[in-house]
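**Student:** Have a look; sequence and predicted model below, questions after that.
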Amino acid sequence: MFSAGLRLLFVASECQPLAKAGGLGDAVAALVKTLARRGHDVRILLPRYASIDPAALGARSQGTIRVPMGGETLDGELWCGPLEGGGTVYLLERDDLFAGGGVYGAGDSYARDAWRFSFLSRAALQVALDFDFVPDVLHAHDWPTALAPAYLRMLRDHEPRLARTGSVLTVHNVEYQGRFAMDAWRWIGLPDEQRTAERFEDLGGINFLKGGVAAADAITAVSPTYAREICTEAGGHGLRPYFTRRAASLTGILNGVDEELWDPRTDAFLVRRFDARDLRGKLACKRALQAAFALEPRDDVPVLGIVSRLAPQKGLDLVYEPLAALLDEGRAQLVVQGSGEPALEGAFRTMAERFAGRAGVHVGYSEETAHRIHAGADFFLMPSRHEPCGLGQMYAMRYGTLPIVRATGGLADTVLPYDESTGEGTGFVFLAPTVDACAAMLRYAIDTWYRRPAHVARLRQQAMARRFAWEDSTARLEKVYASVMGAREHDAAGASHAGGTKGSFG
Ligand code: ADP
Ligand code: GLC
């Protein structure tokens, strides 16, 4: 829709394969890649975590970047290099902040994230000003970089070069808001009038996401249903009034599937590849999965798969008892890969011991095994209490694996419920976040597998035919960029008429 490519600066805490803790890393990487393919000059600023080797990426040092934080200037080293799929990556190196640990701090080290990610967010503006990349749009993601739009507003007041730069904040998950003690405020260096209950202050502390929502020129959420849910009491997790206030600038845009990484016809992780016309390879994948998890080699029993962060959001507590009952009856097998809450890790380990030969669990992270589960399972379980978008159910459908999900956020937007009277649908959807509702739908799906195999075959075809293209998501995003840029153009023109660039924090 744009005759010339835009200059887009992303700032984020994750971008796979360089850094990933969950779906945020997939989504950010796919957006950068797709926008680059669509002709935009898209660059992303990431921390140089210990796991990233700039030289291996072909990145070159750009020298020192001097980042003004509150009351002091902090130096880092800036690297710049090409991203494999298209686009450019800047890496912000500063060992005392980014070299130790993982992407996010846990336990005691969580408090440091206020320092780490405000430095990253403020540095994005310095990349713009000192490294010759003033973007049309600065695009931030989730709480870690939600300060970036606020820094942009602060600097626009006296930095004419930024007058035409707009900001977008994408909300991938409202449950993580970046709440910290007020002692980080001085370092953050935003004007004190931002330290109010309408902006960054929250119960006496700082809330990064809350202030970012107020500051961004436009906000996107990762599915249309989620954009509505965050404006409700239950879905807003305390931020309902702030999202509601911005409703006119809030758009739900569904994530997509990276069709190069997730394609059963080409997937190098599979023992045998397959497509919708010939599913023999899928059966081979099922057998290989059973072997890998020491399950009984049975074609006549459905395999249920789970690949997930083991977090309360994912609703796995709802499915635990119903699964145990099914396994006990010998009517299904189960493969789980995940890590997170120690209690859930322990529970699934116990389940695998109790039902050896019927259930297998890998507590840990592996891309390869994730692909094999998506391909080899018959059903994919995502009983999420909240799911902003969810990627697993879309990957599953592409591999002809039928999702069993709760109707929330992006799960409601992507899985078409099975209709027994017609055979239409792409999966199984339950409504209430209760063990009973979950158990009933799980049983119904398993019954369908045994009793209506023709419908299962049809659902598979319909699931595999669904397309969730990042091209569609980015086309919608471009419209958001256009609206933000139009508004900036208007403001900047107005300001130059009035003889200055009066700020717009109000
Ligand atoms: P979220 O971002 O909330 O974790 P998503 O469904 O959007 O949920 O994305 C999760 C991503 O992380 C998917 O790509 C999924 O395959 C991956 N993932 C989660 N846990 C694991 C794991 N233990 N091993 C491999 N991949 C995982
Ligand atoms: C978040 C959400 C998930 C979404 C992902 C990518 O981690 O929990 O639902 O798919 O971000 O946007």
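**Tutor:** All right, it came through fine. Ligands and ions are numbered 1, 2, ... in the order given.
**Student:** Next, give phi and psi for the nearest residue to L169 once chain neighbours are set aside.
**Tutor:** In space, L169 comes closest to A216 once its chain neighbours are excluded; the distance is 3.7 Å by C-beta to C-beta, 6 or more residues apart in numbering. Glycine gets a C-beta too; all of them are placed from N, C-alpha and C. For A216, the backbone dihedrals (degrees, to the nearest 10) come out as phi -70, psi 140.
**Student:** State the number of residues packed around A216.
**Tutor:** 28 (other C-beta atoms under 10 Å).
**Student:** mind listing what it touches?
**Tutor:** The contact partners of A216, taken as C-beta atoms under 8 Å, 6 or more residues apart in numbering, are A140, A146, P149, S167, V168, L169, R246, S249.
**Student:** Tell me which of those fall in helices.
**Tutor:** P149 (DSSP state H).
**Student:** pLDDT for the contacts of A216 - can I get that in JSON lines?
**Tutor:** Compiled in JSON lines, the contacts of A216 are given as follows (pLDDT from 0 to 100):
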{"residue": "A140", "pLDDT": "99"}
{"residue": "A146", "pLDDT": "98"}
{"residue": "P149", "pLDDT": "98"}
{"residue": "S167", "pLDDT": "98"}
{"residue": "V168", "pLDDT": "98"}
{"residue": "L169", "pLDDT": "99"}
{"residue": "R246", "pLDDT": "98"}
{"residue": "S249", "pLDDT": "98"}
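**Student:** In TSV: the contacts of A216, plus neighbour count and distance to ligand 1.
**Tutor:** Output for the contacts of A216, formatted as TSV (neighbours: other C-beta atoms under 10 Å; distance: C-beta to the nearest ligand atom, whole Å):
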residue	neighbour count	distance to ligand 1
A140	27	17
A146	30	17
P149	28	22
S167	25	23
V168	24	19
L169	29	17
R246	16	23
S249	18	24
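**Student:** Need the contacts of A216 in TSV (columns: distance to ligand 2).
**Tutor:** Converted to TSV, the contacts of A216 look like this (distance: C-beta to the nearest ligand atom, whole Å):
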residue	distance to ligand 2
A140	13
A146	14
P149	18
S167	18
V168	14
L169	13
R246	19
S249	19
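**Student:** which of the contacts of A216 lies closest to V42?
**Tutor:** Nearest to V42 among those, counting by C-beta to C-beta, is V168 at 12.6 Å.
**Student:** you'd agree the closest one is up against K479?
**Tutor:** No - using C-beta atoms under 8 Å, V168 is not in contact with K479; the gap is 11.3 Å.
**Student:** so which of the contacts of A216 would you say is closest to H237?
**Tutor:** If you rank these by distance to H237 using C-beta to C-beta, A146 comes first, at 14.2 Å.
**Student:** Next, count neighbours for the nearest residue in space to that closest one that is not next to it in sequence.
**Tutor:** Among residues not flanking A146 along the chain, G212 sits closest, at 2.6 Å (C-beta to C-beta, 6+ apart). The burial count assigned to G212 is 29, neighbours taken as other C-beta under 10 Å.
**Student:** For the single nearest residue of the stretch 401-506 of the chain relative to ligand 2, list the residues it contacts.
**Tutor:** Residue nearest to ligand 2 within the stretch 401-506 of the chain: G410 (5.9 Å; C-beta to the nearest ligand atom). Contacts for G410 (C-beta under 8 Å, 6+ apart) come out as V222, S223, T225, Y226, L254, N255, E387, P388, C389, G390, Q393.
**Student:** From those residues, list the ones also adjacent to ligand 1.
**Tutor:** Contacts with ligand 1 are made by C389, G390 out of the contacts of G410, judged by C-beta under 6 Å from any ligand atom.
**Student:** Break the protein into its domains for me.
**Tutor:** The chain breaks down into these domains under automatic domain parsing: 7-41+114-256+472-497, 280-465.
**Student:** what residues does the stretch 301-450 of the chain put near ligand 2?
**Tutor:** Counting by C-beta under 6 Å from any ligand atom, the stretch 301-450 of the chain comes close to ligand 2 at E387, P388, C389, G390, L391, G410.
**Student:** quick revisit: can you list residues touching both of V168 and K479?
**Tutor:** With C-beta under 8 Å, 6+ apart, V168 and K479 have no common neighbours.
**Student:** give me the residue from the stretch 101-250 of the chain nearest ligand 1.
**Tutor:** Residue nearest to ligand 1 within the stretch 101-250 of the chain (C-beta to the nearest ligand atom): N173, separated by 6.3 Å.
**Student:** Just give the number of residues close to that residue.
**Tutor:** By the criterion of other C-beta under 10 Å, N173 has 25 neighbours.
**Student:** Apart from its neighbours in sequence, what residue is nearest it?
**Tutor:** Using C-beta to C-beta, 6+ apart, the nearest residue to N173 is P388, at 5.2 Å.
**Student:** what's near enough to touch the one you found?
**Tutor:** V171, H172, N173, V174, A221, V222, S223, Y226, G409, G410.
**Student:** The fifth one: neighbour count?
**Tutor:** Spelled out, it's A221. 29.
**Student:** quick one: what helix or strand has the closest residue to it other than its chain neighbours in it?
**Tutor:** Excluding its sequence neighbours, the residue lying closest to A221 (C-beta to C-beta, 6+ apart) is A227, at 4.0 Å. Taking DSSP states H and E as the definition, one finds A227 inside helix 224-229.
**Student:** Helix or strand next in line after that helix, which one?
**Tutor:** With elements assigned by DSSP H and E, the helix or strand that comes after helix 224-229 is helix 233-236.
**Student:** Residues contacting that following helix, please?
**Tutor:** With contact meaning C-beta under 8 Å, 6+ apart, helix 233-236 is reached by V174, Y226, R228, E229, I230, R240, Y242, F243, T244, H386.
**Student:** what residues are up against the closest residue to the second one other than its chain neighbours?
**Tutor:** The spatially closest residue to Y226, leaving aside those adjacent along the chain, is G409, at 4.2 Å (C-beta to C-beta, 6+ apart). Under the criterion of C-beta under 8 Å, 6+ apart, the contact list for G409 reads V222, S223, T225, Y226, E229, S384, H386, E387, P388, C389, G390.
**Student:** What about the residue nearest to A221, how many residues nearby?
**Tutor:** 22.
**Student:** Could you count how many residues lie near the residue of the chain found nearest ligand 1?
**Tutor:** Relative to ligand 1, the nearest point of the chain is G23 (2.2 Å; C-beta to the nearest ligand atom). A count of neighbours around G23, defined by other C-beta under 10 Å, yields 22.
**Student:** And E233, by the same measure?
**Tutor:** So E233, with other C-beta under 10 Å, has 9 neighbours.
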